[in-house]
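Student: can't give you the sequence, but here's the structure:
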């Protein structure tokens, strides 16, 4: 950024002053980006100059400009970074507008809803010389590359699995008009377990498998199910066939009795790896050892990383081009047959909310992950 606050057309922003940040979507999950930006501001590396949210500015410092619409904030200019924590269908157009305005973009996951939109955004990023960092926080950890490297020590890789069993209430699926919807008003929402709540598991497994671009995905097989009154999936298995590399199987549910720590499993002929991507912890089971060797890795915050890029041009850790394989999977999941309704579930009440729990879902997902199967390919007991 120059001393008069303008952004140059190419190259990193000058370090003459703090990087100027505008945040679109500051409530709900968007508040995490506000807190990250405030921490950077306290360190003198960044400054929150504008926010945009129709629900109001939230708790931000005095003097921060407030806009009702993200489009208005972007059009006002003067921003080095635009953070987009907005509804999924708005991502592509808002990101393009921010890039064209000379800003780098911090784009929440899932980044876009089609491979075509993904490729278009990549092209705009390249032409404008501005970066798009995707909010897959797990991919900003040193543990992802370490897990991929450790896979070389466990023989031939049979398959890789993304595993997650969470608990989400009926109220969660009513948190917004688009909640639990595949498509709404002709726009793709993709708010199912595979593509939103546990999307990090899928994205992390794909990158560990070496799949980054859409062309790395040869085919996607789906077995989508739902216990809640939604039209997206909340209990699903998906198998991703790669053009080169092992299959990636996702075994994911938000219908567990309680939240289990999600992980990526790498199963080889000479052992297996468990990478808890939310904890940045890798456990290596190899050479017939009954106990694992466990390693902990550092993680860089995605906004912190993008501010560094804006200041000195350091490559971002979660670039848009690393998430093309995920976008291809999302596109296929949304186009797949509608999820099958699960008839056998229990209703649990906790803290004033109701949870639909599928009995035995944890064991079923572990079996699917270990054997690389879809639910329909074995007697899972999930009806």
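Tutor: All right, it came through fine. Everything quoted here is computed from the prediction, not taken from an experiment.

Student: okay, CA-based contacts and neighbour counts for the rest of this
Tutor: Noted.

Student: Residue 239 and residue 318: what is the separation?
Tutor: Relative to residue 318, residue 239 is positioned 24 Å away (Cα to Cα, to the nearest Å).

Student: can I see the domain layout of this protein?
Tutor: Structural domains annotated on the chain: 19-130, 138-297+320-377, as defined by automatic domain parsing.

Student: Need those domains in JSON lines (columns: distance to residue 304, mean pLDDT and mean neighbour count).
Tutor: Converted to JSON lines, the domains of the chain look like this (distance: least, Cα to Cα, whole Å; pLDDT from 0 to 100; neighbours: other Cα atoms under 10 Å):
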{"stretch": "domain 19-130", "distance to residue 304": "7", "mean pLDDT": "97", "mean neighbour count": "20"}
{"stretch": "domain 138-297+320-377", "distance to residue 304": "10", "mean pLDDT": "97", "mean neighbour count": "20"}
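
Student: among those, which is nearest residue 310?
Tutor: Judged by Cα to Cα, the one of the domains of the chain that comes nearest to residue 310 is domain 19-130, at 7.2 Å.

Student: returning to that earlier point: compare the domains of the chain and report which one is nearest to residue 313.
Tutor: Proximity to residue 313, assessed across those by Cα to Cα, is greatest for domain 19-130 (10.1 Å).

Student: nearest to residue 306, of the domains of the chain?
Tutor: Proximity to residue 306 (Cα to Cα) singles out domain 19-130 among the domains of the chain, at 7.4 Å.

Student: got the end-to-end distance for the closest one?
Tutor: End-to-end distance of domain 19-130: 14 Å, with Cα to Cα as the criterion.

Student: same question, stretch 73-83
Tutor: The straight-line separation of the ends of stretch 73-83 (Cα to Cα) is 11 Å.

Student: just how off-centre is it within its chain?
Tutor: With Cα atoms, centre = their mean, to the nearest Å as the basis, stretch 73-83 stands 23 Å off its chain's centre.

Student: And stretch 243-252, by the same measure?
Tutor: Chain-centre distance of stretch 243-252: 17 Å, with Cα atoms, centre = their mean.

Student: How about residues contacting that stretch?
Tutor: Residues outside stretch 243-252 that contact it (Cα atoms under 8 Å, 6 or more residues apart in numbering) are 157-165, 193-194, 198, 201-202, 205-206, 209-210, 215-218, 234-242, 365-366, 368-369, 372-374.

Student: Phi, psi for the nearest residue to residue 137 once chain neighbours are set aside please.
Tutor: Nearest residue to residue 137, sequence neighbours excluded (Cα to Cα, 6 or more residues apart in numbering): residue 302, at 6.1 Å. When read as degrees, to the nearest 10, the backbone of residue 302 gives phi -70, psi -40.

Student: cool, residue 312 as well?
Tutor: Backbone torsions of residue 312, given as degrees, to the nearest 10, read phi -140, psi 0.
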